[in-house]
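next comes the sequence, and after it the predicted model I'd like to discuss.
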Amino acid sequence: MSNSPVRVAVTGAAGQIGYALLFRIASGQMFGADTPVHLNLVEIEPALGALEGVRMELDDCAFPLLQSVTCTADPAVGFGDCDWALLVGAAPRKKGMERADLLNINGGIFTGQGQAIGANSSSNCRVVVVGNPCNTNALICQRAGGLDPKNVFAMTMLDENRALTQIAQKAGVPVTSVSRLAIWGNHSPTMYPDFENATIDGKPLNDVISDRAWLEGEFLSTVQKRGAAIIAARGASSAASAANALVDTVRNLRTPTKGDAVFSVCCASDGSYGVPEGLVYSFPVTSNGSEYTIVSGIEHTEFGQSKLAITTQELLDERDAVKDLIPA
Ligand code: NAX
């Protein structure tokens, strides 16, 4: 039996992540093999020509679940009645641009998109921001649109997946053996992949991997700097793995979490772990299929606490840099 259709808006749909993402949504990998999808593809005016080519390719796949494709540069149309808004598009950082400039340019984009979502989307629309700086863009979007903070997320699943594979390879186990390896904080090089609370085949990770110097050194820096390493090797930033992580994020949020598993997503802090309330911060969470819960009771050593302090401070600085864009 078929479920009701889902309407999904994707911004930056003509970009490289968009190209890796749309075909996976249309084939049913994000919402399941029984859920028909409508795609609302949102781009800036100059990219509409390229977007038309993507639409042709979607047509040429004859996906049974794909009900319609709307291409537009008008956010009011793009976010109209959408159940999910996947905000992938963002202005890239150009040479000589300071981080504050990037924050402000993207702040303008995410203000407009937040307002358009608030005015046009379905009342329970869930928003996942990928475009960087994604945590602060998500905060701006949520405030500008008056959106329920519980419905607005930013993505750190790619960082979690990167960390999982590094740990699994070091321990010589399949990735499925590694659990509870959550990313904390900002999607930036200050993020903290918390290996101290992770498990391998149910045992504390620290009991299986005794090479503490590797964990604190090479492991952390590999995960934190993976984006830059991919640009250096490929000449372009991660796209297929980012799209894959977005598929994982939406599936994780829509599916009840099994057993003692957790997953990483940036969501509004409720004050847990001393993170100021409202800050969009990556935590380990679980889902019951419709709502998520920040996992409580995790203990951090002094080492872990020092890492959390750094990434929290960075997010506070980002919030401060865009304070004019955030209505109180
Ligand atoms: P591309 O430059 O290939 O594509 C971005 C697309 O967004 C372009 O087609 C552009 O026309 C469009 N765009 C710009 N402003 C827009 C607006 N106001 N409305 C609609 N569309 C707009 O970048 P891509 O490689 O696809 O990356 C997209 C974003 O993802 C970047 O900001 C990037 O930094 C970010 N990433 C975030 C990751 C995460 O884990 N959170 C990982 C991957 C990626 O680096």
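Received it, and whenever you're ready, just let me know what you need. Residues are numbered from 1 along each chain as shown.

check what pLDDT residue 325 gets.
Here, the pLDDT recorded for residue 325 equals 88.

oops, could you answer that again for residue 1 instead?
pLDDT at residue 1 comes out at 52.

swap in the one 4 residues further on?
According to the prediction, residue 5 has pLDDT 98.

next: residue 328.
67.

before we move on, what about residue 312?
98.

dump the residue contacts of it.
Counting by C-beta atoms under 8 Å, 6 or more residues apart in numbering, residue 312 touches 185, 274-276, 279, 281. C-beta coordinates here come from the backbone N, C-alpha and C atoms, glycine included.

show me these that map onto strands.
Of the contacts of residue 312, the ones assigned to strands by DSSP state E are residue 281.

could I get the full set of strands for this structure?
Using DSSP E, strands in the chain cover 6-11, 37-42, 66-72, 84-87, 126-129, 152-154, 178-179, 183-184, 192-193, 199-200, 203-204, 263-268, 280-287, 292-294.

save those as CSV, and put in mean neighbour count and distance to the ligand too.
Formatted as CSV, the strands of the chain follow (neighbours: other C-beta atoms under 10 Å; distance: least, C-beta to the nearest ligand atom, whole Å):
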stretch, mean neighbour count, distance to the ligand
strand 6-11, 25, 4
strand 37-42, 24, 5
strand 66-72, 17, 10
strand 84-87, 29, 8
strand 126-129, 26, 8
strand 152-154, 28, 7
strand 178-179, 20, 19
strand 183-184, 27, 10
strand 192-193, 28, 13
strand 199-200, 19, 24
strand 203-204, 12, 27
strand 263-268, 26, 9
strand 280-287, 24, 10
strand 292-294, 18, 18
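
out of the contacts of residue 312, which end up buried?
Using 16 or more other C-beta atoms under 10 Å as the burial test, the contacts of residue 312 include 185, 275, 279, 281 as buried.

dump the residues you listed into JSON lines; add pLDDT as well.
Shown next, in JSON lines, are the buried ones among the contacts of residue 312 (pLDDT from 0 to 100):
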{"residue": "185", "pLDDT": "98"}
{"residue": "275", "pLDDT": "98"}
{"residue": "279", "pLDDT": "97"}
{"residue": "281", "pLDDT": "98"}
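
the ligand: which of those is nearest?
residue 185 (12.9 Å; C-beta to the nearest ligand atom).

what's around the closest residue to that closest one other than its chain neighbours, how many residues?
Nearest non-adjacent residue to residue 185, counting by C-beta to C-beta, 6 or more residues apart in numbering: residue 311, 2.8 Å away. For residue 311, the neighbour count with other C-beta atoms under 10 Å is 23.

contacting residues for the residue of the chain found nearest the ligand?
Closest to the ligand within the chain is residue 15: 2.0 Å, counting by C-beta to the nearest ligand atom. Residue 15 sits next to 47, 88-89 when contact means C-beta under 8 Å, 6+ apart.

try residue 245
155, 157-158, 160-161.

restrict those to contacts with the ligand.
Among the contacts of residue 245, the ones lying near the ligand by C-beta under 6 Å from any ligand atom are 155, 158.

any of the contacts of residue 245 buried? List them.
155, 157-158, 160-161.
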